[in-house]
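J.: A predicted structure for the sequence below; I have some questions about it.
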Amino acid sequence: AQSVTQLDSHVSVSEGTPVLLRCNYSSSYSPSLFWYVQHPNKGLQLLLKYTSAATLVKGINGFEAEFKKSETSFHLTKPSAHMSDAAEYFCVGAGGGADGLTFGKGTHLIIQP
Amino acid sequence: EAQVTQNPRYLITVTGKKLTVTCSQNMNHEYMSWYRQDPGLGLRQIYYSMNVEVTDKGDVPEGYKVSRKEKRNFPLILESPSPNQTSLYFCASSLLGASGSYNEQFFGPGTRLTVL
């Protein structure tokens, strides 16, 4: 069994400041991990994915995430927030085989002007 | 254009009236899945399918049925809808990687269902 925990339901930052969205996972297997973004009234779009090739993963729109096995974390970061980053972000884990995919409950990112 | 389509996009129905939400993908993906999204709960998986004629329960399968007779289609069936199934539903598909590992999921635009 696996679980994915997003530690903050809401994060508010000022435009131009760094963004940190936190995600912890637990899995019986070496996981695949993803971050998705959902803009209002839209479907989900993949930001980046980790599949064990490299622990630091770069995604679209300047986002990146680092897989830390010792901390069981996969936090999403961006050096400088933009107003267009305001959205819901989901961390997703995949344990492989019959485990299916597990979504975190989401973090709502608010960008203050 | 590679895409996942869902129909209908919006549906209002009454308790007990059977309905089907269709999902189709044109990317020849093996894996397809249905999710429901509710405020404060994120996305929860209803059913998924690893290939034709292979379906498995997700986290919240009660009250739903699915079928996978063709690779491209994965309809979601509510035999007797109830108000607690009012939600936003997403279909998704992806290729399966080596040893059944998961790749990027492509999501449909969503179906907003209201059951009165």
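T.: In hand now; what should we look at?
J.: burial count for residue B:39?
T.: 8 (other C-beta atoms under 10 Å in any protein chain shown). For the C-beta atoms, the positions are set from N, CA and C on the backbone; glycine is no exception.
J.: Quick check: the gap between it and residue B:15.
T.: The gap separating residue B:39 from residue B:15 is 21 Å, by C-beta to C-beta, to the nearest Å.
J.: just checking, residue A:61 is part of a strand?
T.: No. Residue A:61 is assigned helix when assessed by DSSP: H, G, I helix; E, B strand; the rest coil, not a strand.
J.: Was I right to think it contacts residue A:47?
T.: Yes. Counting by C-beta atoms under 8 Å, residue A:47 is a contact partner of residue A:61 at 7.2 Å.
J.: Quick check: closest non-adjacent residue to the residue nearest the centre of chain B.
T.: Residue closest to the average C-alpha location in chain B (C-alpha atoms, centre = their mean): residue B:34, at 2.5 Å. Spatial nearest neighbour of residue B:34, chain neighbours left out: residue B:46 (4.3 Å); criterion: C-beta to C-beta, 6 or more residues apart in numbering or on different chains.
J.: low-scoring stretches of the chain, by residue?
T.: This is for chain A. Across chain A, the ranges flagged by pLDDT under 70 are A:1, A:28-30, A:95-100.
J.: The chain in question should be chain B.
T.: Counting by pLDDT under 70, chain B contains low-confidence ranges at B:98-102.
J.: Apply 50 and report the result again.
T.: Of all residues in chain B, none has pLDDT under 50.
J.: near chain A, which residues of it show up?
T.: Residues of chain B lying close to chain A by C-beta under 8 Å from any C-beta of the partner chain are B:33, B:35, B:40-45, B:48, B:56, B:58-59, B:90, B:92, B:97, B:99-105, B:107-110.
J.: What subset of those residues is buried?
T.: The neighbour count (16 or more other C-beta atoms under 10 Å in any protein chain shown) marks B:33, B:35, B:42-45, B:48, B:58, B:90, B:92, B:101-103, B:105, B:107-108, B:110 as buried among the residues of chain B next to chain A.
J.: Please flag which of the residues you listed sit within strands.
T.: Those of those mapping onto strands are B:33, B:35, B:42-45, B:48, B:90, B:92, B:107, per DSSP state E.
J.: May I ask which two of the residues you listed are separated the most?
T.: B:42 and B:48 (16.3 Å; C-beta to C-beta).
J.: Burial check on residue 78, number of neighbours?
T.: Defaulting to chain A. Using other C-beta under 10 Å: residue A:78 sits among 21 other residues.
J.: Chain B is the one I meant
T.: Here the number of neighbours of residue B:78 (other C-beta under 10 Å) works out to 21.
J.: just the one 5 residues further on next, same as before
T.: Counted with other C-beta under 10 Å, the burial measure for residue B:83 works out to 10 neighbours.
J.: so it makes contact with residue B:113?
T.: No. With contact defined as C-beta under 8 Å, residue B:83 does not count as touching residue B:113 (10.6 Å).
J.: which stretches of chain B form strands?
T.: Secondary structure of chain B by DSSP E: the strands cover B:4-7, B:10-13, B:19-25, B:31-38, B:42-51, B:54-57, B:65-66, B:76-78, B:87-94, B:106-107, B:111-115.
J.: Can you tell me what sits against the third one?
T.: In this case it means strand B:19-25. By C-beta atoms under 8 Å, 6 or more residues apart in numbering or on different chains, the residues outside strand B:19-25 that reach it are B:3-8, B:11, B:13, B:32, B:34, B:72-78, B:81, B:89, B:91, B:93, B:106, B:108, B:111, B:113.
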